[in-house]
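[1] this is a predicted model, with the sequence first.
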Amino acid sequence: MTDSIKKTAAKPASKTTMKSETKIKSKPAAKPAAKPAAKPAAKPAAKPSKNQSIMPVSDLKTKSKTYPLSSLPVFPVSGLLDNRKNFNAIWEILSGLYPKPEIELDFKTPFELLAATIMSAQCTDVQVNAVTKTLFPKYQKISDYANADPDVFEKEIYSTGFYRMKTKHIIECAQIIIKNYNSNVPDTMEELVKLPGVGRKTANIVLARGYGIIDGIAVDTHVKRLSNKLGFTENDDPEKIEKDLMKLAKKEDYDDLSLTLIFHGRRVCNAQRPKCTVCAIWELCPAAIL
């Protein structure tokens, strides 16, 4: 985890009206009965225009008040639009689009989640899952990782990228957890971030999805990018972004907010080709390209 949208019916052919003639010298020959017009084939669903969203905000009837972007101030340092007033409306829409989001990494134990999250840095969840499909059955205990041959392990996770550093971190994490935590992955932010290769993002994921503990918001590249594009923060540092988002969201929504922004960033707000014309929140997005 680098750091998972919704026709226009064709108009029936209009009936042709017969023009009446005002001067008729002779009765015209009767015309054969016209065959009923064939039912026109249905047209495919219309693509949204550049000025239309498939799910416009007005149709979603958000309970939260929305503020026109033209009425909002800017952040003092960056000069970017300060869109924090629209956070509740945007979150209401996005949480409706991605209800009960689940992490896309496969794991069974807190340590497997820790290892998978470390491997997900600069790598897709799909690729990590492909690796762990054979890795996890081989290394079933923390001691298996602690005693792993680095050269062999590097080859096993090679396709996740940065395999040497990831191997080092995973093996060292296992050794430290066995020595200092009785083979149990720590369940506090303070202790988790002491482990090699573990920052607040990884720790938040392990706490939330491994133990059901909500401490903060995991800020990966998608969360960082969307938080800035949506005008929720003007910061680039992940820890500062996390603090900014924690001021806007309810604590019980911290983990879902992170996953929701990740899913929206992957499926709609792509970094290279954002799909603004089919985005449900483009009317509230300062960066919308229409």
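    Looks like it arrived, so ask away.

[2] relative to Thr221, how far out is Ser258?
    Distance of Ser258 to Thr221, given as C-beta to C-beta, to the nearest Å: 12 Å. From N, CA and C alone the C-beta is placed, and that goes for glycine too.

[3] who has more neighbours out of the two?
    Between Ser258 and Thr221, counted using other C-beta atoms under 10 Å, the more crowded position is Ser258 (28 against 17).

[4] measure the more buried one to Asp215 for me?
    With the distance defined as C-beta to C-beta, Ser258 ends up 12 Å from Asp215.

[5] joint contacts of those two?
    Between them, Ser258 and Asp215 share the neighbouring residues Asn204, with contact defined by C-beta atoms under 8 Å, 6 or more residues apart in numbering.

[6] keeping just the C-alphas, turn the one helix or strand Ile176 maps to into CSV.
    Ile176 is part of helix 163-180 when elements are defined by DSSP states H and E. Taking Å, rounded to 0.1, in the frame of the first residue of the first chain, the C-alpha atoms of helix 163-180 are listed here in CSV:
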residue,chain,number,x,y,z
TYR,A,163,14.1,-5.6,-1.5
ARG,A,164,17.4,-5.3,0.4
MET,A,165,16.2,-2.6,2.8
LYS,A,166,12.8,-4.3,3.2
THR,A,167,14.4,-7.6,4.0
LYS,A,168,16.7,-6.0,6.6
HIS,A,169,13.7,-4.2,8.3
ILE,A,170,11.5,-7.2,8.4
ILE,A,171,14.1,-9.6,9.8
GLU,A,172,15.2,-7.0,12.4
CYS,A,173,11.6,-6.3,13.4
ALA,A,174,11.1,-10.0,14.1
GLN,A,175,14.3,-10.2,16.1
ILE,A,176,13.4,-7.1,18.2
ILE,A,177,9.8,-8.3,18.8
ILE,A,178,11.0,-11.7,20.0
LYS,A,179,13.6,-10.1,22.3
ASN,A,180,11.7,-7.1,23.7
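
[7] C-terminal to it, what's the next element?
    Remark: after helix 163-180, the chain's next helix or strand is helix 189-192, criterion DSSP H and E.

[8] what does the average pLDDT come to for that following helix?
    Helix 189-192 comes out with an average pLDDT of 98.

[9] what comes up buried for that helix?
    Residues of helix 189-192 classed as buried: Met189, Leu192 (neighbour count, 16 or more other C-beta atoms under 10 Å).

[10] distance of Ile171 from Ala148?
    For Ile171, the distance to Ala148 (C-beta to C-beta) stands at 6 Å.

[11] my error: substitute Ser64 in the last question.
    When Ser64 is compared with Ala148 (using C-beta to C-beta), they lie 50 Å apart.

[12] looking at the two, which is more packed in?
    Ala148 (18 against 13).

[13] give the helix, strand or coil label for the more buried one.
    Look at Ala148: counting by DSSP: H, G, I helix; E, B strand; the rest coil, its state is coil.

[14] distance of it relative to Phe263?
    33 Å.

[15] OK, contacts around the residue nearest to Leu248 when sequence neighbours are not counted?
    The shortest distance from Leu248 to any residue other than its chain neighbours is 4.5 Å, reached at Phe87 (C-beta to C-beta, 6 or more residues apart in numbering). For Phe87, the contacting residues are Phe232, Leu248, Ala249, taking C-beta under 8 Å, 6+ apart as the criterion.
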